[in-house]
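> below are the sequence and a predicted model for it; my questions follow.
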Amino acid sequence: MIFSLGRNIRMLSSKKILVGDRVVSPRVARVFSTALPDDLPSIPSKNSNEELWKRRDAAVARGVGSATKLFVDHAKNAEMWDVEGKRYIDFSGGIGVLNTGHRHPKVVAAIEQQLSRVIHSCVQVMPYEPYVELAERLNALAEGPIGAPTKSLLLSTGAEAVENSIKIARAYTHRPGVISFSGGFHGRTMMGMALTGKVIPYKKGFGPFPSEVYHARFPHAYRGISVKDSLDDIAHIFRSVIDPTRIAAIIIEPVQGEGGFTVAPPEFMRALRDLANQHGILIISDEVQSGFARTGRFFAIEHYQDVCPPDLITTAKSIGGGLPLAAVVGRKEVIDAAEPGGLGGTYAGNPLACAAANAIIDVIKEEDILSRSDKIGERFRHRIDVLTEDSSNGIGEVRGLGSMVAFEIVRPGTHDPDPERTKAVVARAADLGLILLSCGVHGNTIRVLVPITVEDNIFGEGMDILAEAIKQTR
């Protein structure tokens with residue numbers, strides 16, 4: 001029996017099932033199953049989603065947003081179950097944290113093994129081998145795209161990695177200025193917000209921000225911003241705002257995350273590298289969301305390594321598989337510009353997180369996650385391309401690299417963003433059992449960050465639900 005929640009569910013035929021007042025396919029209806037992962041007991045929560053939301057609303061800061069009013073109870077790979085027992089397919093991956101899925105057995109085993117030895121000592125007090133091992137492995141992975149001997153610094157969050165990359169760049173160059181881009185997201189700390197190229201919701205009411213940060217437009221042909229436009233913006237900054245000899249670094253996401261999964265054109269990346277070489281400026285590749293196999297490479301900048309080898313790479317999110325971990329990897333002489341004691345943090349490079357990360361690198365290599373990322377991206381594009389053929393679906397540009405893929409929701413027959421319908425698609429998908437996230441400068445982009453380890457049938461089921469949500473919100 002597939003349905004056991006006491007909901008108004010009735011089979012009309014072998015191909016049609018009535019869920020409430022909606023007729024859906026059996027595959028879509030299956031999301032209402034209470035089936036649990038084999039290794040988890042069914043322990044119902046004493047609270048409903050509604051009751052927990054009331055408690056959250058009373059206890060948690062208003063500034064902490066939530067994409068849904070659902071509360072997860074347990075999860076496995078690309079599936080989650082809420083406290084009421086309803087199953088969901090996870091196309092959000094904890095905002096790009098779960099490239100190797102919820103609770104990958106090898107990652108869980110590594111955490112458990114480390115848990116039995118030591119939880120915390122602080123690497124600045126008494127170091128531990130997992131930190132050193134992870135730094136060695138990150139260096140080996142980054143030497144190809146960077147093109148030089150590397151060193152690593154481990155931290156706790158993506159914003160912390162970005163902050164430290166700026167500190168390192170300024171220490172190495174003895175310059176204050178930094179250039180970032182519209183649509184870019186670099187964290188919620190003060191420097192992270194200064195670098196971020198989107199005001200609402202990230203920057204509103206929090207200024208003033210650190211000085212010497214300058215923004216250029218990010219090239220996006222679909223939105224009428226050419227590579228020349230972006231380079232002209234940088235030329236204007238050099239000509240009218242700050243001399244290039246005072247710029248320490250240019251920080252860029254090769255594929256923008258919160259900005260809408262917009263992919264940097266290779267000719268733009270080449271031009272940035274040429275400008276950087278001309279003026280002694282460092283290139284920082286912010287890979288907090290795009291790193292660790294999401295684009296079909298360990299680092300997204302590998303797609304550009306022949307035209308734009310970076311000096312520093314920041315990474316976080318899926319490096320820890322759900323545990324707080326981040327890193328800055330870069331050219332040895334650049335990383336070592338900071339004085340001893342100038343870098344670090346009490347929890348930075350925690351032993352449990354390092355153990356998880358070392359296991360995740362093994363999983364990516366052993367399970368051929370890089371090529372699987374490309375295959376998932378291809379399957380996604382094929383399904384969305386079919387939906388695009390019907391103009392009433394209002395699907396605009398489809399874009400991305402590997403399985404870091406997204407599409408815009410627009411008013412049919414135009415390029416005009418439709419953020420309200422985008423919200424409706426995300427909400428309807430959740431009703432049907434699929435967790436999605438929107439993003440983008442105009443709030444009209446639906447992005448997919450499904451665990452790359454997702455089973456083929458689960459991914460197909462999720463795409464069916466997505467298609468249904470698009471059709472039902474037209």
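Okay, I see it.

> from here on, just use CA atoms for contacts and neighbour counts.
Fine.

> contact partners for the nearest residue to L195 once chain neighbours are set aside?
Among residues not flanking L195 along the chain, S180 sits closest, at 5.8 Å (C-alpha to C-alpha, 6 or more residues apart in numbering). Contact analysis of S180 by C-alpha atoms under 8 Å, 6 or more residues apart in numbering lists 195-197, 213-216, 250-252.

> among those, who's most crowded?
Scoring the contacts of S180 on neighbours with other C-alpha atoms under 10 Å, the highest-scoring entry is L195 at 29 neighbours.

> my guess is that residue meets H186, correct?
Yes: between L195 and H186 there is a contact at 6.2 Å, judged by C-alpha atoms under 8 Å.

> mind listing the shared neighbours of those two?
Joint contacts of L195 and H186 (C-alpha under 8 Å, 6+ apart) do not exist.

> just the closest of the contacts of S180 to K203, please.
T196 (8.1 Å; C-alpha to C-alpha).

> could you pull up phi and psi at that closest one?
phi -70, psi 140 (degrees, to the nearest 10).

> who are the packing partners of the lengthiest helix in the chain?
For the chain, the helix with the greatest residue count under DSSP state H is helix 369-388. Using 3 or more C-alpha pairs under 8 Å, 6 or more residues apart in numbering; DSSP states H and E as the contact test, the elements touching helix 369-388 are strand 395-401, strand 404-409, helix 456-472.

> JSON lines for those, including distance to S66?
Formatted as JSON lines, the helices and strands packed on helix 369-388 follow (distance: least, C-alpha to C-alpha, whole Å):
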{"stretch": "strand 395-401", "distance to S66": "25"}
{"stretch": "strand 404-409", "distance to S66": "20"}
{"stretch": "helix 456-472", "distance to S66": "20"}
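
> for D57, which of these is the nearest?
helix 456-472 (27.8 Å).

> can you tell me which helices and strands the closest one packs against?
Using 3+ C-alpha pairs under 8 Å, 6+ apart: helix 456-472 touches helix 26-29, helix 369-388, helix 419-432, strand 434-435.

> name the residues of the second one that are buried.
Buried residues in helix 369-388, counting neighbours by 16 or more other C-alpha atoms under 10 Å, are found at 369-377, 379-381, 384, 387-388.

> now swap in stretch 456-471 and tell me
Buried residues in stretch 456-471 (16+ other C-alpha under 10 Å): 459-470.

> quick one: the longest helix of the chain to chain centroid distance?
17 Å (C-alpha atoms, centre = their mean, to the nearest Å).

> quick one, it and strand 404-409 angle?
10 degrees (axes from the mean of the first three to the mean of the last three C-alpha atoms, to 10 degrees).

> state the mean pLDDT of helix 369-388.
Averaged over helix 369-388, pLDDT sits at 97.

> just the strands in the stretch 201-350 of the chain please.
213-216, 247-252, 282-287, 312-315, 326-331 (DSSP state E, counting those that start in this stretch).

> can you put those in TSV and add mean pLDDT?
Compiled in TSV, these are given as follows (pLDDT from 0 to 100):
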stretch	mean pLDDT
strand 213-216	98
strand 247-252	98
strand 282-287	98
strand 312-315	98
strand 326-331	98
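
> make CSV from these and add distance to E84 to it.
As requested, the strands of the stretch 201-350 of the chain are exported to CSV (distance: least, C-alpha to C-alpha, whole Å):
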stretch, distance to E84
strand 213-216, 46
strand 247-252, 42
strand 282-287, 36
strand 312-315, 35
strand 326-331, 34
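
> of all the ones you listed, which one is nearest E51?
Of all the strands of the stretch 201-350 of the chain, strand 326-331 comes closest under C-alpha to C-alpha, at 34.5 Å.

> what packs against that closest one?
Packed next to strand 326-331, using 3+ C-alpha pairs under 8 Å, 6+ apart, are helix 129-146, strand 150-155, helix 158-173, strand 312-315.
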